[in-house]
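A.B. asks: next come a sequence and a model predicted from it.
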Amino acid sequence: MKKQIKFILVALMIMLCAIMLVACGGGGTEPFQQRKPNAWLKNENSYLPEFYWSAGSMLNNTPPTGWVLSINGAEQDIAYDGYFDTFSLSHLVEWGLTEPKTYAIKIKALGNGTTFLDSDWSDTITFIMRAVGLTAPTNARVSGKTLLWDAAEKADGYILFISPAGYTGFSQYGELITETSRLLDWLDDSPGTHRIFIESISKYYHSGGTSVMSEIVYYTVL
């Protein structure tokens, strides 16, 4: 009789433990969180760079169910395509975001809400949307020892490209110039005819596929 009572008590304790385990969510196993994605820009100096991300290694080898992209705080669901993907920033144009502006972009991986949770947001990546409108400098000319040109609309500055006498190719000379003139007397020790053109530069605008270089001018040193 005592053995039967003991058996019944043990059985009741096992049943009670089982009920408690179920109530606590299957033995206390908590959902895990997706890894924080890595994010970066490719071809970041182009008009519309590519936004890349990688989910990295996943706990339990479980892929995300999707992704959420945040652009200046506005969230946008994007299609799931595995651990590694790219998002063309040309979509920003499709969404009407075409004005020169700095955009902050980040991404997170989505969980299923039960066995694994959303990841933390990636580090924020910033880039400047460049709008069409940059033109070439015009009326390039040499007056005495000075190279002159008329300003290009929306240019932040200019870069000189020079083909020294006796050479066929052009090379960039110096850093960004914010004026519309440049002394050429530094070429006076190199006899011959030098070819020069000027290129417009802007961090907010691009040319829309057209050239941003001026006509070629000549500077002759006797």
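C.D. replies: Looks like it arrived, so ask away. Numbers count the residues shown, from 1 in each chain.
A.B. asks: which of the helices or strands spans the residue nearest in space to the middle of the chain?
C.D. replies: Residue closest to the mean C-alpha point of the chain, counted by C-alpha atoms, centre = their mean, is L41 at 3.2 Å. Taking DSSP states H and E as the definition, L41 sits inside strand 38-42.
A.B. asks: run a quick neighbour tally on D123.
C.D. replies: Around D123 there are 12 other residues, counting by other C-beta atoms under 10 Å. C-beta here means a position set from N, CA and C on the backbone, and glycine is covered the same way.
A.B. asks: just give the nearest non-adjacent residue to E99, would you?
C.D. replies: Leaving aside its sequence neighbours, E99 sits nearest to A131 (C-beta to C-beta, 6 or more residues apart in numbering; 6.2 Å).
A.B. asks: actually L147, not the one I typed
C.D. replies: In space, L147 is closest to R182, 4.7 Å off (C-beta to C-beta, 6+ apart).
A.B. asks: so the residue nearest to the centre of the chain makes contact with I125?
C.D. replies: Yes - using C-beta atoms under 8 Å, L41 is in contact with I125, at 5.8 Å.
A.B. asks: apart from its neighbours in sequence, what residue is nearest the residue nearest to the centre of the chain?
C.D. replies: Excluding the flanking residues, the one nearest L41 by C-beta to C-beta, 6+ apart is P49, at 4.6 Å.
A.B. asks: show me what contacts the one you found?
C.D. replies: Shown in contact with P49 (C-beta atoms under 8 Å, 6 or more residues apart in numbering): L41, K42, N43, L89, F127.
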